[in-house]
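*Asks:* would you be able to build a 3D model of this:
(one chain, ligands or ions: 1)
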Amino acid sequence: MTTEFENAEKEMSRLVEASLKKYGLKPNVLFARLSDITKAASSGLITWSRKNSVWPSLFGLACCAMELMDFGSARIDAERGSYLLFRATPRQSDVMIVAGWVTKSIIPEIKRMYEQMMKPRYVVAYGECATSGGPWFESYNIIRGIDQVLPVDVYVAGCPPKPENLFAALLKLQKKIGGNIEG
Ligand code: SF4
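*Replies:* Alright, predicted model coming up:
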């Protein structure tokens, strides 16, 4: 159970106890069950909301970023899959789509962006370069995939990768957020 859920559960128990005390009642089975139902419902609601409001950050590293722009176009119509507008600040995003090769010099900035993102946060490796270094896999200054630096949730194949494949990858990510795919 995540810290957020633990805090929500404690708060819920505190509220139930306070309302019982107010009416001079003692905790009984009915109230205990009502409290459990409320907790289960709120936990499900939070997961459902997270799954259906994915906020990617506006961020691109190389030519794959052109495909990312296409993903934001009317042709793909990404919002039909609940991928809302790209956010221009990591503080309002929960998904980082790494589009392009990752040089060693940019790693501290990428890590800082990741740390500024909301929790729980997710990473998508978009294209061959972000997945494995792509055509530059033997380069002295490009790493062999963003997963050497950050935990990746979904990989998208292709050089350049199709925006349609990113759409499919985000559907997979949604399933993972909803708990239907093992991490
Ligand atoms: S995967 Fe291909 S299109 Fe994407 S950044 Fe690398 S070289 Fe460019």
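*Asks:* what helix or strand is T131 on?
*Replies:* T131 is located in helix 128-132, with elements delineated by DSSP states H and E.
*Asks:* who touches the helix or strand following that helix?
*Replies:* Where DSSP H and E defines the elements, the next helix or strand beyond helix 128-132 is strand 154-156. Contact partners of strand 154-156, identified using CB atoms under 8 Å, 6 or more residues apart in numbering, comprise 122, 124-127, 131, 165-166, 169-170, 172-173, 176. C-beta coordinates here come from the backbone N, C-alpha and C atoms, glycine included.
*Asks:* distance from the chain centre to the helix holding T131, please.
*Replies:* Between the mean C-alpha point of helix 128-132 and the mean C-alpha point of its chain there is a distance of 19 Å (CA atoms, centre = their mean, to the nearest Å).
*Asks:* now it: average pLDDT?
*Replies:* Taken as a whole, helix 128-132 has an average pLDDT of 95.
*Asks:* could you list the residues in contact with that helix?
*Replies:* Contacts of helix 128-132 (CB under 8 Å, 6+ apart): 61-62, 64, 98-102, 125, 134-136, 142, 144-147, 155-159, 161.
*Asks:* give me that answer again for 10 Å
*Replies:* When contacts are taken as CB atoms under 10 Å, 6 or more residues apart in numbering, the neighbours of helix 128-132 outside the stretch itself are 61-64, 97-102, 123-125, 134-137, 142-147, 152, 155-161.
*Asks:* one more: stretch 135-145?
*Replies:* Outside stretch 135-145, the residues that touch it by CB under 10 Å, 6+ apart are 62, 98, 100-107, 125, 128-134, 149, 152, 155, 159.
*Asks:* in PyMOL, how would I select the buried members of those residues?
*Replies:* Selection of buried members from those for PyMOL, criterion 16 or more other CB atoms under 10 Å:
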select buried, resi 62+98+100+101+102+106+125+128+129+130+131+132+133+134+149+152+155
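*Asks:* of the contacts of stretch 135-145, list those near the ligand.
*Replies:* Contacts with the ligand are made by A62, G100, W101, E128, C129, G134, C159 out of the contacts of stretch 135-145, judged by CB under 6 Å from any ligand atom.
*Asks:* mind checking the SS state of the third one?
*Replies:* When the structure is split into helix, strand and coil by DSSP: H, G, I helix; E, B strand; the rest coil, W101 lands in coil.
*Asks:* quick one: residues contacting it.
*Replies:* When contacts are taken as CB under 10 Å, 6+ apart, W101 is in contact with 61-64, 127-130, 133-137, 139, 141-143, 145-146.
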